[in-house]
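Student: Fold the following.
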Amino acid sequence: MEDDTEDPSKSFFIFGRDVAQIPCFRNSFLYGISGGMGVGVLTFLGTSRPHLSTHVGFGSFFCGTIVYWMACRYQWSLRRFEQQQLREAMRLQSQYEGTQKERDLDLKSA
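Tutor: Next up is the predicted model:
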């Protein structure tokens with residue numbers, strides 16, 4: 001079977017950061033590229049003006065990438081915040097287990 005781990009020599013670095021480690025980077029660019037190409041081709045088919053369709057395609061690539069990046073990072077940060085809250089609640093639960101504080105919290109939540 002083929003191993004799914006990436007070869008470190010195939011990593012792509014921008015400003016000293018491995019882009020494979022940045023959340024949402026890959027999907028944002030894939031959706032941006034495919035959307036830009038699709039809109040550019042449709043614009044060319046509709047207008048037959050290559051200069052305009054190139055501009056429209058690049059603009060939709062840029063806007064699509066930025067919009068998807070912002071939406072993905074927002075969802076990622078929400079999930080990360082919820083995970084941190086859950087981690088803290090689990091830590092407190094393990095500290096309070098078997099104490100009067102746990103019984104008081106159980107009565108409040110019921």
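Student: unless I'm mixing things up, residue 28 is touching residue 71, no?
Tutor: No. The criterion here is CB atoms under 8 Å, and residue 28 misses it with residue 71 at 9.1 Å. Just so you know, the C-beta spots here come from the backbone N, C-alpha and C atoms, and that holds for glycine as well.
Student: Comparing the two, which shows the higher neighbour count?
Tutor: residue 28 (21 against 12; other CB atoms under 10 Å).
Student: Distance check, that one against residue 76.
Tutor: 11 Å (CB to CB, to the nearest Å).
Student: Past the longest helix seen in the chain, which element shows up next along the chain?
Tutor: Longest helix in the chain, counting residues (DSSP state H): helix 50-96. The element immediately downstream of helix 50-96 (helix or strand, assigned by DSSP states H and E) is helix 100-109.
Student: Output that next one in PDB, but only the C-alpha positions, please.
Tutor: The C-alpha trace of helix 100-109 is given here as PDB (Å, rounded to 0.1, in the frame of the first residue of the first chain):
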ATOM      1  CA  GLN A 100     -19.200  18.400  46.200                       C
ATOM      2  CA  LYS A 101     -18.600  20.900  43.400                       C
ATOM      3  CA  GLU A 102     -19.400  18.200  40.800                       C
ATOM      4  CA  ARG A 103     -22.700  17.400  42.600                       C
ATOM      5  CA  ASP A 104     -23.600  21.100  42.700                       C
ATOM      6  CA  LEU A 105     -22.900  21.500  39.000                       C
ATOM      7  CA  ASP A 106     -25.000  18.400  38.300                       C
ATOM      8  CA  LEU A 107     -27.900  19.800  40.200                       C
ATOM      9  CA  LYS A 108     -27.700  23.200  38.300                       C
ATOM     10  CA  SER A 109     -27.600  21.500  34.900                       C
END
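Student: The most centrally placed residue in the chain: what's it in contact with?
Tutor: What sits nearest the mean C-alpha location of the chain, by CA atoms, centre = their mean, is residue 24, with 2.9 Å. Residues in contact with residue 24 (CB atoms under 8 Å, 6 or more residues apart in numbering) are 68, 69, 72, 73, 76.
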